[in-house]
Each structure stands twice: as structure tokens, then as C-alpha cells.
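1. could you look at this predicted model? Sequence included:
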Amino acid sequence: MKKLIWVGIAVSLLTPALASAQTGFNGTWKINFDKSQMPKKPDVYLIQDGMYHCKSCVPVIEVKADGQDQKVTGDPYIDSLSVKVVDERNIVEVAKKNGKTVATTKDILSADGNTLTFEYTDSTATSGASVTGKSEMMRVEKGPAGSHAMSGSWQIKKVDSASDNGIMFTYKVEADSLSMTTPLGQSFTAKMDGTEAPFTGDPGTTSLTIKRINATTIEETDKRDGKIISVSRATLSADGKSMSIAVDDRRRGTTAQYVAEKQ
């Protein structure tokens, strides 16, 4: 289910800083994927001998591709996954948590085998309406002989669509603290001096710290159970209409550059 991480990029990537510049950061922001640079590290899938392997997932996923719920461990968002091979160009994945469906993905392979389109519905957040969207990946490498046509290495190409509730967030600075909320129910209030604070509403993130780097740049460090999972730096543009967000995903070993625009 690694593909689903792209729909929730805005949840905990950045925070404002510096009282003199706080009005520039305050407000509601929305990720613009057309102006963003997605991670370059490929996703690697293998469907062969009745098994589905997501070799790039963290943790790695290996389940039977028989359309039945299979146990998944080590993922804070899901505890089971079913993978149904419809035919050589179509696969359906259904993820559950505590018996409830939290994500559905339809994988569609192009006729030439070089483009993988996935349409998703994701409700892994603890509250709020489901996030929906559609994205495309381009083939980097073919799978081994005898494997399903969808097997191989894939790199994210573009995000065709993503519902606003998954890519919007609101900041509010008061005194020396910054508060963040999203339509999905994620939130935090943290001092901007590096003091650790709780992150609520996201099973994958339990705490974070915020540090001011300079007047227009801040650094956010997200943690899960005390372990760093990502570090991001957000820089406000000169006109205050956008932010550039550099994300270092420590768990997956990827980097990306996103652009958020003030609404």
C-alpha cells in the first residue's frame, strides 16, 4: 500500500515560525503537485506464483494474491491486505484495520505495459471523509520472466487528482506555539523551540518537534514511538503566497520537494 502515501502528504510536513513573520504562515494551505518534485526512488512489485510482494514497502509486504484477507504486521495503518489479480492488466487491493476497510486501490496497467495507473480511496486517518484520487507511475524496470505483467520497478510520474481533504492544512501561530489542523482530524500544537509535542489523529505519527531555522524557514521532525521517521524544511516565498517543503523520509529512504499554496 505504499502508493497511498502520496494522498496524505500535507498531513505533517511543515510548520510556521518567528513571531515577526507569523502572519505569512497563518492560514490554509494546499499542496500543488504540478509544481512539486516527487520522490525518485522506485516502488518495486512482484506478482508471481500466487504471491504478491511489495519489496519497497516499509515494512515489506508478502501476501497471497488470492483475493482473501491476509495478515499484515508492522504497519500502523493496516493489519490485513487482500490482493485480487483480475487479469494481466488489472489488480484490486483492499486494506483493512480491525476488520474495517480503510483503503481500496485499483491498479490498471496500460496496453504497452509502461504506465501504471492507480485509483484509490483512503480512510486510514482516524476521522473525516475518505481521501480519493488518481495517480500514474512509469516503468523503470520489468519484472522477472514468468511474473505478472505489473511486476517490476515503478517511479511516480504524476498525481492526476487528489481530493482537497487529503492535501489541505491550516496553521495558526499564537505566542511561541504553532497549531496545525487538517480536514481529516490530524492536529498538533507545538512550541517552536524544539520541544517535543504530541501529534494526534494519525496512527503513523505520535510526536514531533518544530525548530526555527531563520525568519522564513522552519524544520519539523516527526517521530513514531520516539523514533524519527521524517524531517522536513519549509521555506516561505518572498511574496508569502507559497511554501517550498523539502521532505526527507527516513523510513523509506526517499526525498521530495513539495509546493504548498495559500488559499
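-> It's in.
2. quick check: end-to-end length of stretch 178-186?
-> One end of stretch 178-186 sits 14 Å from the other (Cα to Cα, to the nearest Å).
3. run the chain-centre distance for that stretch.
-> Computed by Cα atoms, centre = their mean, to the nearest Å, the chain-centroid distance of stretch 178-186 equals 15 Å.
4. and the average pLDDT for that stretch is what?
-> Averaged across stretch 178-186, pLDDT comes to 91.
5. buried residues, it. List them.
-> 178-184, 186 (16 or more other Cβ atoms under 10 Å). C-beta: built from backbone N, CA, C; applies to glycine.
6. same question for stretch 96-111.
-> 96-97, 101-105, 107-109.
7. show me where the stretch 1-150 of the chain has its strands.
-> 27-31, 43-48, 51-54, 61-64, 70-71, 80-87, 90-97, 100-109, 115-122, 131-142 (DSSP state E, counting those that start in this stretch).
8. pull the third one out as CSV, backbone CA atoms only.
-> Presented in CSV, the C-alpha positions along strand 51-54 are these (Å, rounded to 0.1, in the frame of the first residue of the first chain):
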residue,chain,number,x,y,z
MET,A,51,2.0,-14.3,-4.2
TYR,A,52,2.1,-10.5,-4.1
HIS,A,53,5.3,-8.8,-2.9
CYS,A,54,5.7,-5.1,-2.3
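9. picking that back up, residue 258 is nearest to which of the strands of the stretch 1-150 of the chain?
-> strand 27-31 (5.6 Å; Cβ to Cβ).
10. that older thread, which one of the buried residues of stretch 178-186 is nearest to residue 195?
-> residue 178 (11.4 Å).
11. which SSE is that closest one in?
-> For residue 178, the element it lies in under DSSP states H and E is strand 177-181.
12. elements contacting the next helix or strand after that strand?
-> Later in the chain than strand 177-181, the nearest helix or strand by DSSP H and E is strand 187-191. Packing contacts for strand 187-191, counted by 3 or more Cβ pairs under 8 Å, 6 or more residues apart in numbering; DSSP states H and E, involve strand 177-181, strand 197-198, strand 207-212.
13. in a markdown table, list the strands of the stretch 1-150 of the chain along with distance to residue 255.
-> Formatted as a markdown table, these follow (distance: least, Cβ to Cβ, whole Å):
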| stretch | distance to residue 255 |
| --- | --- |
| strand 27-31 | 16 |
| strand 43-48 | 15 |
| strand 51-54 | 20 |
| strand 61-64 | 23 |
| strand 70-71 | 31 |
| strand 80-87 | 27 |
| strand 90-97 | 26 |
| strand 100-109 | 24 |
| strand 115-122 | 22 |
| strand 131-142 | 17 |
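14. CSV for these, including mean pLDDT and distance to residue 248?
-> Listed next are the strands of the stretch 1-150 of the chain as CSV, based on pLDDT from 0 to 100; distance: least, Cβ to Cβ, whole Å:
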stretch, mean pLDDT, distance to residue 248
strand 27-31, 94, 17
strand 43-48, 97, 18
strand 51-54, 97, 22
strand 61-64, 97, 23
strand 70-71, 97, 31
strand 80-87, 97, 27
strand 90-97, 97, 26
strand 100-109, 96, 25
strand 115-122, 96, 23
strand 131-142, 96, 21
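15. closest one to residue 173 among those?
-> strand 27-31 (10.4 Å).
16. packing partners for that closest one?
-> Looks like strand 27-31 contacts strand 168-174, strand 254-262 (3+ Cβ pairs under 8 Å, 6+ apart).
17. looking at those, which is closest to residue 44?
-> strand 254-262 (12.8 Å).
18. measure how far the closest one is from the centre of its chain, please.
-> That offset, for strand 254-262, works out to 12 Å (Cα atoms, centre = their mean).
19. want to throw the helices and strands packed on strand 187-191 into CSV with distance to residue 65?
-> Shown next, in CSV, are the helices and strands packed on strand 187-191 (distance: least, Cβ to Cβ, whole Å):
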stretch, distance to residue 65
strand 177-181, 39
strand 197-198, 38
strand 207-212, 37
